[in-house]
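# Pasting the sequence and the predicted coordinates here, then a few questions.
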Protein chains: 2
Amino acid sequence: MANTCNCDQCELRSLFFNNVSKEELDSLCTLKIERTYPKGELIVEEGNEIREFNYLKSGLVKLYKSTDEREQIITIAKPFDFISLLSIFSNNVYNYSVRALEDSVTCNISITRIKDLIKTNGTFALELLEKMNRIADSIIIESLNIRRKHLRGRIAHVLLFFAGYIYNAPEFELPISRKEIAEYIGMTTENVIRTLSEFRKDKIIKINGKIIEIINRDLLERISQLG
Amino acid sequence: MANTCNCDQCELRSLFFNNVSKEELDSLCTLKIERTYPKGELIVEEGNEIREFNYLKSGLVKLYKSTDEREQIITIAKPFDFISLLSIFSNNVYNYSVRALEDSVTCNISITRIKDLIKTNGTFALELLEKMNRIADSIIIESLNIRRKHLRGRIAHVLLFFAGYIYNAPEFELPISRKEIAEYIGMTTENVIRTLSEFRKDKIIKINGKIIEIINRDLLERISQLG
DNA sequence: CGCGGCTTTGATGTTCATCAAGTAAAGTGG
DNA sequence: CCACTTTACTTGATGAACATCAAAGCCGCG
């Protein structure tokens, strides 16, 4: 909850605040709030009023929708991704929830402050638009991609997603449960497990609890492509 | 292809150009290009360079991605929707295609002109951001909605989509083929037909070729909800 | 230590895609 | 305008993919 002004060190500064003047940046800095969330904690709850624009400074979070007993994961965000995606400028309440998958730190700025900045700083507005656009794109395209794949292709996809996009390493610890994988790619927990076991038997991956090691990446990519 | 300056009459003006000054509007007006496309014609092709910002003035179009033999419909846009959705500010080539489902007229403005306007007119920038945000939201939410439904629920959904969102009438002519419905909601053509026939037998709808009449809307909505 | 949640495997049944085959409709060229 | 081709539509039969149900082992946590 500290309000320290260390934006100079923030990696996001160069991505996000490229075109914000020194004065504006200082102003933002004094107004921004950092929040820390332990693993498992709720960061944003569907239906709550949107007061702040949030991005993820460190950690890992999932964005999801809850619909009667079942959760659907929309996407998984890593550091310097925006947590504020959907709804943020189009609605005054969140239409999705966010939960920390790992200990996470968010940086929050009042939404009205951001809106003022958009109005007064055109270059910032354009860059924000581009970034929001890019995020929405990737969610939509990924959703279409997942939908046209069979179970094996979906599991391959999600493994490559973690190994590539999130951790950039062939061996990693799954930050989500089998059940959450199922909620992410739209299948049942049992079939997630079964497919992972098949991949293990086929010597495509090694599994040790939540630790996954990708052995045959080429094959995994072919499976992901072909469905 | 006419370049007439009739923006005053355009219904979109009040939605889109609310915050554009008279001078800016005149300037846009002289620069805008209207294009007419007959039913079935390609409006935007995946991979082509993005030069213009487009919105739909009249008609109906589908946004879709082609992947090896198969098409996936992303969404269907009606008048005053933006055709420029994905990629527009995040990429310099289209990552989807657009085709006219009915005779359609688009209004096109140079993308650099729009970007200039964003930079100089903050209120416009914010409103554009809101609108783009809203569109991306609805596509993502709809995609999640469709994914968690069974075939009957998906068909119910798409029928209600046309009857409600597009035509606002219980009886309408389907602007797309059975095959395209299948491509929209991720199932096979045969099962689209089968499910429609079931609905007909169950006296939920009447079918006469492409003409659909919804008889039992309540039941259709329950089917759509429950999956 | 025992409870509840996560994981795993197997058996079973349902949903859905695929294949096949035929009819209707719509475009094409003489 | 009619034969011809192609594309859309429709129904049934079959099998594969996948969900559901059941049962048992595992692990963390109070």
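Nice, thanks for sending it over. Residues are numbered from 1 along each chain as shown, chains lettered A, B, ... in the order given.

# Quick check: residue A:158 touching residue A:183?
No - if you go by CB atoms under 8 Å, residue A:158 and residue A:183 don't touch, sitting 11.2 Å apart. Glycine gets a C-beta too; all of them are placed from N, C-alpha and C.

# which one of those two has more residues nearby?
A side-by-side neighbour count of residue A:158 and residue A:183, using other CB atoms under 10 Å in any protein chain shown, places residue A:183 first with 22 against 19.

# Please tell me how far that one sits from residue A:192.
Distance, residue A:183 to residue A:192, by CB to CB, to the nearest Å: 10 Å.

# Residue A:138 too?
Distance from residue A:138 to residue A:192, by CB to CB: 23 Å.

# can you tell me if the lengthiest helix in chain A touches chain B.
Looking across chain A with DSSP state H, the single longest helix is helix A:122-147. Yes - applying CB under 8 Å from any CB of the partner chain, one finds helix A:122-147 touching chain B at A:122-123, A:125-126, A:128-134, A:136-137, A:139-141, A:143-144, A:147.

# what angle sits between that helix and helix B:122-147?
Following axes from the mean of the first three to the mean of the last three CA atoms, to 10 degrees, one obtains 10 degrees for the angle between helix A:122-147 and helix B:122-147.

# what about helix A:122-147, distance to the chain center?
Relative to its chain's centre, helix A:122-147 lies at 13 Å (CA atoms, centre = their mean, to the nearest Å).

# quick one on the thing from earlier: so for residue A:138 and residue A:192, which residue has more residues nearby?
Shown here are residue A:138 and residue A:192; by other CB under 10 Å, residue A:192 has more neighbours (23 against 14).

# show me what contacts the more buried one?
A:155, A:178, A:179, A:181, A:182, A:185 (CB atoms under 8 Å, 6 or more residues apart in numbering or on different chains).

# Recalculate using a threshold of 7 Å.
Contact partners of residue A:192, counting by CB atoms under 7 Å, 6 or more residues apart in numbering or on different chains, are A:155, A:178, A:181, A:182.

# Contact residues of chain A facing DNA strand C?
A:177, A:178, A:179, A:189, A:190, A:193, A:194, A:196, A:197, A:207, A:209, A:210 (CB under 7 Å from any atom of the strand).

# and with 6 Å instead?
Listed as neighbours of DNA strand C in chain A under the rule CB under 6 Å from any atom of the strand: A:177, A:178, A:179, A:189, A:190, A:193, A:194, A:197, A:207.

# and the residue nearest to residue A:114 when sequence neighbours are not counted, how many neighbours?
Among residues not flanking residue A:114 along the chain, residue A:53 sits closest, at 4.6 Å (CB to CB, 6 or more residues apart in numbering or on different chains). Residues within reach of residue A:53, counting by other CB under 10 Å, total 22.

# Pick out the residue nearest the middle of chain A.
In chain A, the residue lying closest to the centroid (CA atoms, centre = their mean) is residue A:77, at 1.2 Å.

# My guess is it contacts residue A:83. True?
Yes - at 6.0 Å, residue A:77 and residue A:83 qualify as touching, with contact defined as CB atoms under 7 Å.

# Can you check which residues contact both of these two?
Shared contacts of residue A:77 and residue A:83, counting by CB under 7 Å, 6+ apart, come down to A:56, A:61.

# Quick check: next helix or strand after the lowest-mean-pLDDT helix or strand in chain A?
Within chain A, no helix or strand scores below helix A:12-16, which has a mean of 61 by mean pLDDT, DSSP states H and E. Toward the C-terminus, helix A:12-16 is succeeded by helix A:22-31 as the next helix or strand (DSSP states H and E).

# tell me the average confidence for that next one?
Helix A:22-31 shows a mean pLDDT of 75.

# how about it against chain B, any contact?
No - against chain B, helix A:22-31 shows no contacts by CB under 7 Å from any CB of the partner chain, the least distance being 13.2 Å.

# what's whichever helix or strand comes after that helix packed up against?
Going down the chain from helix A:22-31, the next helix or strand is strand A:33-37, by DSSP H and E. Identification of packing neighbours for strand A:33-37 by 3 or more CB pairs under 7 Å, 6 or more residues apart in numbering or on different chains; DSSP states H and E yields strand A:104-110.

# ok, the residue nearest to residue A:172 when sequence neighbours are not counted to residue B:131 distance?
Take residue A:172 and drop its neighbours on the chain: the residue closest to it by CB to CB, 6+ apart is residue A:162, 5.7 Å away. Counting by CB to CB, the gap from residue A:162 to residue B:131 is 34 Å.
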